[in-house]
Every structure is written in C-alpha cells, then in structure tokens.
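**Q** Whatever this is, show me its structure:
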Amino acid sequence: MTMRTLLMVLWLLLAGVTPGTASVQVFIGINLPVYPQLARVPGYPVYYAPRVAGNFFFYDGLYWVFYDEDWYVSSWYNGPWTLVAPMAVPVFILRIPVRYYRDPPIYFRSWRREAPPRWHEHWGDDWAEHRRGWDRWDRRAAPPPAPLPIYQKRYSGDRYPRDIREQRDLSGQHYRYRPRDAAARELLPQQTPPRTRGPDRDDRETVRRERPPRTMEQDRRRSAPDAESRQGSPVQRRAEPMQMEPRQREPRQMEPRRMDPGREERMREREMRDRQTGGPRMNERPPQDRGGRAEQQGRKQPPQEEERGYRGRNEQQKER
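**A** Predicted coordinates for the structure are as follows:
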C-alpha cells in the first residue's frame, strides 16, 4: 500500500468526523527553514511563494499547500499540516490560476495557465454537484488580502515552534486577524487568548514616584477604610505634630499719652501750692496713672478748710 493510499484511507475515516479537515497534523514533503517570500497573485486575495519548490499559498490568515494531489492547511509556514477535505477548500484557493503552481501535477500542464485547474475532472461529478458555481465570480468584488503574519520571521530553524499549543499562544499574542471565509474559519485552530499581565514592581514604583503628593494623600485616605475592614479594628492614626513657623513680632511703638487739659491745670496749681507749703502732706498718697507712675497729688480738702488755710498763711506772711 502506497503513501497516497494510506492518506486517502485516513481522510475517508476522518471526513465523517469533521466536514472540513482531518484533526491530525502531519509533516509533508515541504520543509522551510525560514519564512518564505510571498507575492500577491494579481486580482486575487491570495499570495504565493515563487521561490518555494512546491505549491505554497497564503489566504485568509492561513497557509495552504497542494501536495500529492491533496490540500493541506496550517496556521504556521512550516506546519504541522492538516489534511483538508475537497468539500471544504475555499473557493478562492480553487480559483488560483495554474501558472502560480510551482510544482503542478503532470495533468495540470495540458490546461490553460491563466485559468484555474479543472477540479471537477479531478474530484468527480459528486464534488462538482456540491461545489457548483465555484469558478464564476465578479473579479471587481474580490475581498482584500489578509495581512501577512510577518511576526513568524523571528521563529526559524531551532526556534520554530513545533508544538501546536505553543503556535496558538504565539498567534494569539501577535496576530489578531480572523478569517472572513466560513470554510477557512472552521479550519483555523482556536487561538488561546493572550494573558493580561499586570504592571510589575518596578512599574508600580515608577508610577508611585511620578504621582503628585496630593493624589497620593487622596489614595491613602481612600485605602484607609479597606485597611480598617481587613484588620477588623479601627485604624489607629497617629497625629503628626504640626510644625509652626516662628512668628516675628514687630516692635510696638508707644504713642505719647495726651493729658486732659483740666487735669494738667490742676496739677500745676498743686505744684505751686506745694512750693508755698514746702511739699505735699504726709497723709496724702500720690495717685498712680495707668502706667504705674505715681502722681504727686494731695488729698482733696473741703472748700472751707482750703479757705482757712489760705487765710492762715497770709497772716503769717504779714507778721513776718
């Protein structure tokens, strides 16, 4: 039994399980050590590899290889590859002209180079009945090509991921395109969503240093109730001593007090009287002003006694 027969038996066994592909990844006769150079097929949303010794194409986010009269698909340029059932091959892959097959089968050479292969002759009438109209389409309504996953250039040789799970993780991180074609969407392996990574310790410290003090104080106040609820007891806050700036007292300038004119006249009369009598009386206490200075002021006498005193002093002066 030849390898071709074994692959056909495997495809027939698994075709009933999935309508599009056999869920087994295989390595075929194409081995690419580096990312291939891809060129656009004019007027088609398809790329082909002009320097690859094989029928290598890229369409709608996936790589397609026509090898040993069967189609294979992969999300990475060097496989592993998955066998595609003839009923599940997208129509734009079927419409690729013969001239862009770098290693066509012998029977392709008798067909027109600008026309697609005669798949109804290759796969029979049952296939043609189910895929009727695949070769009729409006070229002006062709969709734009999908972006090339050029991130895969960094993974060549020993760095190429062979594990399908690793390929899915890398595709989920670097390639967000999803196929438009329903058949291609079924063939694309489910990508693992990228894990979101929080900021590390250095990033948090940098953000904390760059934040203004007022914002940090507001965050501290907002986080205080959370800390209180976690500990189960009121948060003990220490009152920080308030630093007061020393106040500089300005020297007060005392304005000279102005004396009442009547009081000033009375004081002059007392001074003249004291000079005549030889000084103030012993039983008179000099009053004190508001500043604590003693005023030489005699005890106020009744008007009759003052008049008697004047008379007595005048008589003594006359006798002398």
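**Q** burial count for the closest residue to residue 123 other than its chain neighbours?
**A** For residue 123, the nearest residue in space outside its immediate sequence neighbours is residue 86; the separation is 4.9 Å by C-beta to C-beta, 6 or more residues apart in numbering. (C-beta placed from N, C-alpha, C; glycine too.) Residue 86 sits with 18 neighbouring residues when counted by other C-beta atoms under 10 Å.
**Q** likewise residue 153?
**A** Taking other C-beta under 10 Å as the neighbour definition, residue 153 ends up with a count of 12.
**Q** tell me the secondary structure for it?
**A** The three-state label for residue 153, taken from DSSP: H, G, I helix; E, B strand; the rest coil, comes out as helix.
**Q** Next, the contact list for it, please.
**A** With contacts taken as C-beta atoms under 8 Å, 6 or more residues apart in numbering, residue 153 has the following neighbours: 34-35.
**Q** Hmm, residue 127 and the residue nearest to residue 123 touching each other?
**A** Yes. Counting by C-beta atoms under 8 Å, residue 86 sits close enough to residue 127 to count as a contact (5.6 Å).
**Q** okay, and the common contacts of those two?
**A** residue 119.
**Q** thinking again about what came up before, could you check how far the residue nearest to residue 123 is from residue 69?
**A** When distances are taken as C-beta to C-beta, to the nearest Å, residue 86 and residue 69 turn out to be 10 Å apart.
**Q** Ok, residue 34 next?
**A** Residue 34 is 27 Å from residue 69, where distance means C-beta to C-beta.
**Q** A strand includes residue 169, no?
**A** No. According to three-state DSSP, the state of residue 169 is helix, so it is not within a strand.
**Q** I'd like to know how many residues surround it.
**A** Residues within reach of residue 169, counting by other C-beta under 10 Å, total 17.
**Q** what's the answer for residue 274, then?
**A** Applying the criterion other C-beta under 10 Å, we find 14 residues in the vicinity of residue 274.
**Q** picking that back up, can you check the pLDDT for the residue nearest to residue 123?
**A** With respect to pLDDT, residue 86 scores 95.
**Q** How about residue 274?
**A** We have a pLDDT of 76 for residue 274.
**Q** same check, this time on residue 226
**A** Residue 226 is assigned a pLDDT of 54 by the prediction.
**Q** How about the contacts made by residue 139?
**A** Residue 139 touches residue 43, counting by C-beta under 8 Å, 6+ apart.
**Q** can you tell me the distance between the two ends of stretch 161-180?
**A** Length of stretch 161-180, first residue to last, C-alpha to C-alpha, to the nearest Å: 26 Å.
**Q** Then stretch 80-96?
**A** End-to-end distance for stretch 80-96, by C-alpha to C-alpha: 23 Å.
**Q** Buried ones in that stretch, by neighbour count?
**A** For stretch 80-96, a neighbour-count test (16 or more other C-beta atoms under 10 Å) marks 80-86, 88-90, 92-93, 95-96 as buried.
**Q** Which of these fall within strands?
**A** The members of these that map onto strands under DSSP state E are 81-84.
**Q** and which of those is nearest to residue 155?
**A** When these are compared for distance to residue 155, the smallest value, 16.7 Å, is given by residue 81; criterion: C-beta to C-beta.
**Q** residues contacting the closest residue to the closest one other than its chain neighbours?
**A** Distances taken as C-beta to C-beta, 6+ apart place residue 72 nearest to residue 81, at 3.9 Å, with adjacent residues excluded. Applying C-beta under 8 Å, 6+ apart, we find residue 72 in contact with 26, 28, 64-66, 79, 81-84.
**Q** In TSV, list those residues along with distance to residue 269.
**A** Converted to TSV, the contacts of residue 72 look like this (distance: C-beta to C-beta, whole Å):
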residue	distance to residue 269
26	137
28	139
64	133
65	136
66	140
79	132
81	134
82	133
83	138
84	136
